[in-house]
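>>> fold the stuff below for me.
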Amino acid sequence: MSVKGFDGLRKNLNQLSKNAANMEGTKSASLTEILTPEFMAQHTKYANAEEFFEASGFDVSNQESFESIPENELDAFVSSATSFGSWREMLNSAGVLWAQRKLCL
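Have a look, this model is predicted:
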């Protein structure tokens with residue numbers, strides 16, 4: 001985001017405010033929204049989240065099956081297949097980028 005003068009700053013701040021208002025009330029996003037192909041290509045050897053989870057061998061067909069995955073096993077896979085040490089670290093990093101995209105930063 002480049003800013004030229006106070007008018008440009010005001011315009012960018014107004015847009016940021018609108019984007020933040022659009023995000024208000026957003027409580028969740030799908031893993032494929034957060035773990036974009038760009039993110040996966042940068043941090044894993046997989047093209048997308050679907051390939052990543054398929055390679056993991058874990059059942060992620062629905063939220064209940066995903067939540068039943070032992071965290072230590074998911075962390076071990078993430079550590080071996082990504083540049084992150086844990087699932088939480090990977091998800092947090094992807095989440096920050098998702099929020100930045102939504103805010104257009």
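>>> immediately after the lowest-mean-pLDDT helix or strand in the chain, which helix or strand?
Every helix and strand in the chain was compared by mean pLDDT, DSSP states H and E; the lowest is helix 5-23, with a mean of 58. Sequence-wise, the next helix or strand downstream of helix 5-23 (DSSP states H and E) is helix 31-34.
>>> pull the residues that contact that following helix.
48, 49, 50, 60, 91, 94, 95, 98 (C-beta atoms under 8 Å, 6 or more residues apart in numbering). Heads up, the C-betas are built off the backbone N, CA and C, glycines and all.
>>> restricting to C-alpha, output it in CSV.
C-alpha atoms of helix 31-34 as CSV (Å, rounded to 0.1, in the frame of the first residue of the first chain):
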residue,chain,number,x,y,z
LEU,A,31,-8.6,-24.3,6.2
THR,A,32,-8.4,-24.0,2.5
GLU,A,33,-9.1,-20.2,2.8
ILE,A,34,-6.4,-19.8,5.3
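>>> for that helix, what is the average pLDDT?
For helix 31-34, the mean pLDDT works out to 88.
>>> ok, back up a step: for residue 79, state which of the contacts of helix 31-34 is nearest.
Distance to residue 79, by C-beta to C-beta, is smallest for residue 91 among the contacts of helix 31-34, at 13.5 Å.
>>> confirm that closest one sits in a helix?
Yes - when classified by DSSP: H, G, I helix; E, B strand; the rest coil, residue 91 is found to be part of a helix.
>>> fine by me, thanks again.
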